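> Need the 3D shape of this:
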Amino acid sequence: MIQKSIQIKLETGLEARPVAMLVQVASQFESTVYINSGDRKVNAKSIMGMMSLGLDNGEEVTVTADGSDEEAAVTEIEKFLSGK
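Residues are numbered from 1 along each chain as shown. Sure, this is the predicted structure:
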């Protein structure tokens, strides 16, 4: 299991379209992937869970992945959230 803190660098934050794209990125991997924000933890593969976080540009989250492709999952999610 690995964890990484990532600052969101998306102009609009995580509204509907970016959340859908993030869920697509997370769903490519076999590993379980969670996004932690404050005291809330949601499955990154759940569009409703991710929408419930209401994350804005500049906020920091912790990405946790566990599984055979955990490093690749965290790397790709970091790329997406960093706007790269």
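> Now do the strands in the chain.
In the chain, the strands defined using DSSP state E lie at 2-7, 32-37, 40-43, 60-66.
> quick one, what contacts Met51?
14, 16, 19 (C-beta atoms under 8 Å, 6 or more residues apart in numbering). Any C-beta I mention is one placed from the backbone N, CA and C, and that applies to glycine too.
> quick revisit: give me whichever of the strands of the chain is most buried.
Mean neighbours per residue, mean count of other C-beta atoms under 10 Å, is largest over these for strand 32-37, with a mean of 20.
> Now do that strand against strand 2-7: the angle between them, please.
Interaxial angle, strand 32-37 versus strand 2-7 (axes from the mean of the first three to the mean of the last three C-alpha atoms, to 10 degrees): 40 degrees.
> what helices or strands is strand 32-37 leaning on?
The helices and strands touching strand 32-37, judged by 3 or more C-beta pairs under 8 Å, 6 or more residues apart in numbering; DSSP states H and E, are strand 40-43, helix 47-53, strand 60-66, helix 70-81.
> Quick one: neighbours of the residue lying closest to Asn57 once chain neighbours are set aside, just the number.
Leaving aside its sequence neighbours, Asn57 sits nearest to Gly13 (C-beta to C-beta, 6 or more residues apart in numbering; 4.7 Å). Gly13: 16 surrounding residues under other C-beta atoms under 10 Å.
> May I have the phi/psi pair for Gly13?
Backbone torsions for Gly13, taken as degrees, to the nearest 10, come to phi 70, psi -160.
> hang on, isn't it packed against Glu59?
Yes. Counting by C-beta atoms under 8 Å, Gly13 touches Glu59, with 7.4 Å between them.
> hmm, what's the outermost residue in the chain?
Taking C-alpha atoms, centre = their mean as the measure, the residue most remote from the mean C-alpha position of the chain is Ser68, 17.7 Å away.
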